[in-house]
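Visitor: I'll drop the sequence and a predicted model, then ask my questions.
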Amino acid sequence: RHYKSPELLVGYGQYDYAIDLWGVGCILAGLLLRREPFFRGRDNLDQLGKIIAVLGTGDLLSYMTKYKIDLTLEIRKVIAKYVIRGGRKKAWQDVVPKDCPVPSDDGMHLLDQLLVYDHADQLTAKQAMQHDFFDSVRDRVN
């Protein structure tokens, strides 16, 4: 559940490999921010709530509208809980624990590209591997 993508959490049935890239983003967030798993929901709805607490409600609602995903009563309740708290997306710098070294700008940018609600806006695996975050190790692997 801790790596489950938003499309699975809201019941969107037409998912693809992007759900794996969401999982990669969750693992990267855990490593960079020293919190593994990064999103720690008790169940699927709480998991969605943990994601909303960081990514906000606006893009989620746009995503659900774009793909005509039904807003169930349970999902409406989860969204409402965070709208009351402002519902805005947090900057990654705002979720870095005080005792954690500040991750690189490239690492934060990669998180921004992987942890997005709309799978169509997410990096592909190939694009992620080409990201500047991996420049320092890319030559050693090839």
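Guide: Yes, it's here.
Visitor: And stretch 126-138, how far out from the chain middle?
Guide: 19 Å (C-alpha atoms, centre = their mean, to the nearest Å).
Visitor: Contacts for it, please.
Guide: Leu21, Val24, Ser104, Asp106, Gly107, His109, Leu110, Gln113, Leu114, Leu123 (C-beta atoms under 8 Å, 6 or more residues apart in numbering). Yep, even glycine has a C-beta here, placed from its N, CA and C like the rest.
Visitor: List the contacts of Leu9.
Guide: Counted by C-beta under 8 Å, 6+ apart, Leu9 has contacts Asn44, Leu45, Gln47, Leu48, Ile51.
Visitor: From those, which land in helices?
Guide: Among these, the ones falling in helices (DSSP state H) are Asn44, Leu45, Gln47, Leu48, Ile51.
Visitor: quick one on the thing from earlier: as JSON lines, the contacts of Leu9 with pLDDT, distance to Glu36 and neighbour count would be great.
Guide: Shown next, in JSON lines, are the contacts of Leu9 (pLDDT from 0 to 100; distance: C-beta to C-beta, whole Å; neighbours: other C-beta atoms under 10 Å):
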{"residue": "Asn44", "pLDDT": "95", "distance to Glu36": "19", "neighbour count": "17"}
{"residue": "Leu45", "pLDDT": "95", "distance to Glu36": "22", "neighbour count": "15"}
{"residue": "Gln47", "pLDDT": "96", "distance to Glu36": "15", "neighbour count": "22"}
{"residue": "Leu48", "pLDDT": "96", "distance to Glu36": "19", "neighbour count": "23"}
{"residue": "Ile51", "pLDDT": "96", "distance to Glu36": "16", "neighbour count": "24"}
